[in-house]
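Asks: The sequence and its predicted three-dimensional model are supplied below.
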2 protein chains.
Amino acid sequence: MTTLGYALLALLARQESSGYDLAQRLKRPIGFFWTAHSSHIYSELARLEEGGFITPQVVAQPTRPAKRLFSVTESGLAALRTWVTTPIEPSPPRDELVLKAYAIWLADPAQAIALFRQQEELHTARLAEYEHILARIEHEHGKQLDITLPDFGNYATLHAGVYAEQASVAWCRWMVEQLTNHSRQEAEQG
Amino acid sequence: MTTLGYALLALLARQESSGYDLAQRLKRPIGFFWTAHSSHIYSELARLEEGGFITPQVVAQPTRPAKRLFSVTESGLAALRTWVTTPIEPSPPRDELVLKAYAIWLADPAQAIALFRQQEELHTARLAEYEHILARIEHEHGKQLDITLPDFGNYATLHAGVYAEQASVAWCRWMVEQLTNHSRQEAEQG
DNA sequence: ACTGCCATGTAAAACGTTACATGATTCT
DNA sequence: AGAATCATGTAACGTTTTACATGGCAGT
């Protein structure tokens, strides 16, 4: 089982869906921390079906092409429940921006500042988006959700996003500060 | 050019190295945010050499097998300098723990608490490690490093790590709090 | 004697992205 | 008329991991 497989099971455990539906539903909020292309989704669905984790139900539609609605089997739900609390084996980190920071001493300071300002704006925008959705959830449910409801899942992931984006914004600001301080000192001395 | 290619160029720009050296040097601090297996490193080195970004110099050793020390060419350094400040195209996010949180409503609360406590410990340990290295750097250089020195690259990446780990720890604590509050309420009512 | 380090790669498999292919319907 | 949506996949490509292959030296 791949992680995408579990992501699809998690979606199907909430509601039966077609491959197309899943591609849509994967965008928000899962898309904030896990993404997949539709071609990948379809091949993964085939594997899940082959493994007996999901079953299709063909639904004919009058005006639209027929679709295959998938639902989670008992075996699929059991696999999902097991996976959810299984400790994570650390996966290889990938952060290109930090890699650039590692080599930033080679760069022109002005260009470096531009890079981190742009990144700061990007993360600030994301932060605002997450907080907006979070506010909607809290407006509906309050700040203490029932953890056995699917909406708690959304609430939890959005909190993760808020913490992560706040950290990114803070780091970008720190970088800009370091780079501008240095440039100012250069100017004063030169 | 792949991102690993730039990572290797960034290392070689600091000091010429063999493939084996690079595998070692990649561990810290780059390994905190980008990793690669040695086989991957060797194939990437071959591509960089073919592209004229690096040149090897064979060094015979009396007791050890001969090694090929690579250094960055002018073309390689130019490519690296360009890449460093080029805006990042967003890469697909991958965070399995957040995915689990999305499906946590299906889990046994006690097991869920155990998962997030374990993750909190892991991130706390990493945070301590980063802060320790950071303290060493600040002891040597102070808190305002010259941004044109390679050490500023290390300083910057470690700061990124500190911000990110602090955010992870905070989120894990928030999750544990949510899950334990709920369990307590259950107990009071039941 | 055995483990770990130094040193370099090849080959196969798994994973993920991009491009391609098809075709009707609904909205602007 | 054209763009977007609904709907499902195949094929090719590139990247990354895992396994394999080799072999001497140094430390316990």
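Replies: Here it is on my side, so go on.
Asks: count of residues packed around residue A:152?
Replies: As a burial measure, residue A:152 scores 22 neighbours (other C-beta atoms under 10 Å in any protein chain shown). (Each C-beta comes from the backbone N, C-alpha and C, glycine too.)
Asks: and what of residue A:13?
Replies: Residue A:13 is flanked by 19 other residues according to other C-beta under 10 Å.
Asks: wait, doesn't it sit right on residue B:103?
Replies: Yes. Using C-beta atoms under 8 Å, residue A:13 is in contact with residue B:103, at 7.0 Å.
Asks: Quick check: neighbours shared by these two?
Replies: The contact sets of residue A:13 and residue B:103 overlap at residue A:80 (C-beta atoms under 8 Å, 6 or more residues apart in numbering or on different chains).
Asks: give me phi/psi at residue A:22?
Replies: phi -60, psi -40 (degrees, to the nearest 10).
Asks: per-residue confidence for it?
Replies: The confidence metric pLDDT takes the value 96 at residue A:22.
Asks: again, but for residue A:174
Replies: On the pLDDT scale, residue A:174 gets 98.
Asks: close enough to count as contact, it and residue B:155?
Replies: No. Using C-beta under 8 Å, residue A:174 is not in contact with residue B:155, being 10.4 Å away.
Asks: Please say which of the two ends up with more neighbours.
Replies: The neighbour count for residue A:174 versus residue B:155, taken as other C-beta under 10 Å, is higher for residue B:155 (24 against 16).
Asks: name the element that one belongs to?
Replies: Using DSSP states H and E, residue B:155 sits within helix B:150-189.
Asks: Next, the buried residues of that helix.
Replies: Across helix B:150-189, burial judged by 16 or more other C-beta atoms under 10 Å in any protein chain shown covers B:150, B:152-172, B:174-176, B:178-180, B:182.
Asks: tell me what that helix is packed against?
Replies: Here helix B:150-189 touches helix A:96-102, helix A:150-189, helix B:109-141, going by 3 or more C-beta pairs under 8 Å, 6 or more residues apart in numbering or on different chains; DSSP states H and E.
Asks: mean confidence for the first one?
Replies: Helix A:96-102 shows a mean pLDDT of 98 in the predicted model.
Asks: Could you see whether DNA strand C lies near it?
Replies: No. Against DNA strand C, helix A:96-102 shows no contacts by C-beta under 7 Å from any atom of the strand, the least distance being 13.7 Å.
Asks: Quickly list the domain ranges of chain A.
Replies: A:3-85, A:96-189 (automatic domain parsing).
Asks: Residue B:75: which of these is closest?
Replies: Each of these has some distance to residue B:75 by C-beta to C-beta; the shortest is domain A:96-189, at 14.4 Å.
Asks: Just checking that closest one against DNA strand D, any contact.
Replies: No. Using C-beta under 7 Å from any atom of the strand, domain A:96-189 stays clear of DNA strand D, coming no nearer than 9.9 Å.
Asks: How far off centre is that domain?
Replies: Relative to the centre of its chain, domain A:96-189 is centred 14 Å away, using C-alpha atoms, centre = their mean, to the nearest Å.
Asks: Please apply the same query to stretch A:56-68.
Replies: Relative to the chain's own centre, stretch A:56-68 is displaced by 30 Å; criterion: C-alpha atoms, centre = their mean.
Asks: Give the rounded mean pLDDT of that stretch.
Replies: pLDDT averaged over stretch A:56-68 gives 87.
Asks: Okay, now that stretch: how far is its last residue from its first?
Replies: 6 Å (C-alpha to C-alpha, to the nearest Å).
Asks: what does that stretch rub up against?
Replies: Here stretch A:56-68 has contacts from A:16, A:18, A:19, A:20, A:49, A:69, A:70, A:71, using C-beta under 8 Å, 6+ apart.
Asks: Can you get me a residue count around the first one?
Replies: When neighbours are defined as other C-beta under 10 Å, residue A:16 has 17 of them.
Asks: OK, contacts around it?
Replies: By C-beta under 8 Å, 6+ apart, the contact list for residue A:16 reads A:57, A:69, A:70, A:71.
Asks: Please tell me how far it sits from residue A:55.
Replies: Applying C-beta to C-beta, to the nearest Å, the value for residue A:16 to residue A:55 is 10 Å.
Asks: joint contacts of the two?
Replies: Each of A:70, A:71 lies in contact with both residue A:16 and residue A:55 under the rule C-beta under 8 Å, 6+ apart.
Asks: neighbour-wise, which of the contacts of residue A:16 leads?
Replies: In the contacts of residue A:16, the most neighbours by other C-beta under 10 Å go to residue A:70, 25 neighbours.
Asks: moving C-terminal of the strand or helix carrying that one, what's the next helix or strand?
Replies: Using DSSP H and E, residue A:70 sits within strand A:67-72. Going down the chain from strand A:67-72, the next helix or strand is helix A:74-85, by DSSP H and E.
Asks: Please report how far residue A:34 lies from residue A:43.
Replies: Taking C-beta to C-beta, one finds residue A:34 at 16 Å from residue A:43.
Asks: So between these two, which is more surrounded?
Replies: Set residue A:34 next to residue A:43 and count neighbours by other C-beta under 10 Å: residue A:34 wins out with 22 against 14.
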